[in-house]
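Student: Dropping the sequence and predicted coords here.
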Amino acid sequence: MKHTAILMSILAIAACGGKKSAPAQPKDPDPDPPPVADKKPAPEPEPAPPAPPPPKSWHAQAELTPVKGTKLKATTVTFAQDEGHPVTVASTGWFDGIKAGKYHLVVHEAAACGPNATKAGKAMAGDIPFTAAKATTSLDVGQVDAIQLDGDGAIVGHTLVLHDDKKGKAGKALACGSIASE
């Protein structure tokens with residue numbers, strides 16, 4: 001019986017797996033996954049406002065021909081205007097034969113010159129005084145606020161008359177031409 005008890009003890013130990021091993025080291029817990037932000041798309045940037053359109057520009061000209069009996073060479077007076085700015089008055093040539101002195105360019109109501117410039121109708125607007133000097137090759141009056149090329153009161157479709165100066169005012173008509181858009 002003594003043998004039997006030893007045998008049983010051996011069998012019991014064998015059945016339990018023999019010698020117990022040391023307990024396993026505890027594992028570190030798996031790290032928490034990083035927080036996941038709500039995946040919302042980035043907001044679209046607001047579109048830039050559209051660029052303003054470029055300013056409008058207008059151009060016109062009047063081919064001034066001498067009035068009968070006047071010894072001047074014809075020339076073209078030009079007008080240019082950018083939106084929001086005054087009209088610029090110049091010429092592409094000069095009134096050959098004109099004497100040094102004061103003169104006026106005047107816009108008249110009529111659409112065309114008559115047999116002489118006095119038939120161009122009454123003055124509408126834009127008395128543009130200028131001074132002619134010796135050796136002048138072109139007219140450059142600069143900017144004129146009294147006239148415009150677009151809208152109510154536009155000078156296009158009317159006549160432009162060159163007058164001599166009579167005591168600071170427009171005198172005798174020397175040349176005339178219709179103002180047309182370019």
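Tutor: Received, thanks.
Student: Let me see the contact set for the spatially most central residue of the chain.
Tutor: For the chain, the residue nearest the mean C-alpha position is residue 54 (2.3 Å; CA atoms, centre = their mean). Applying CB atoms under 8 Å, 6 or more residues apart in numbering to residue 54 gives no contacts. Where C-beta positions appear, they are placed from N, C-alpha and C, glycine not excepted.
Student: Can you pull the phi/psi pair for residue 167?
Tutor: Torsion angles at residue 167 (phi, psi; degrees, to the nearest 10) stand at phi 50, psi 50.
Student: typo on my end, residue 68
Tutor: According to degrees, to the nearest 10, residue 68 has phi -50, psi 130.
Student: for residue 69, same thing?
Tutor: Backbone torsions of residue 69, given as degrees, to the nearest 10, read phi 90, psi -10.
Student: all strands of this structure, in order?
Tutor: Counting by DSSP state E, the chain has strands at residues 57-66, 75-82, 87-91, 101-108, 123-132, 140-144, 159-166, 169-181.
Student: What angle do strand 101-108 and the first one make with each other?
Tutor: Taking axes from the mean of the first three to the mean of the last three CA atoms, to 10 degrees, one finds that strand 57-66 is oriented at 120 degrees with respect to strand 101-108.
Student: Quick check: mean pLDDT of strand 57-66?
Tutor: When pLDDT is averaged over strand 57-66, the result is 95.
Student: what pairs with it, and is each one parallel or antiparallel?
Tutor: Applying DSSP bridges, strand 57-66 is found paired with strand 75-82 (antiparallel), strand 169-181 (antiparallel).
Student: Serialize those to TSV and add fields for mean pLDDT, distance to residue 124 and mean neighbour count.
Tutor: As requested, the strands paired with strand 57-66 are exported to TSV (pLDDT from 0 to 100; distance: least, CB to CB, whole Å; neighbours: other CB atoms under 10 Å):
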stretch	mean pLDDT	distance to residue 124	mean neighbour count
strand 75-82	94	14	20
strand 169-181	92	10	19
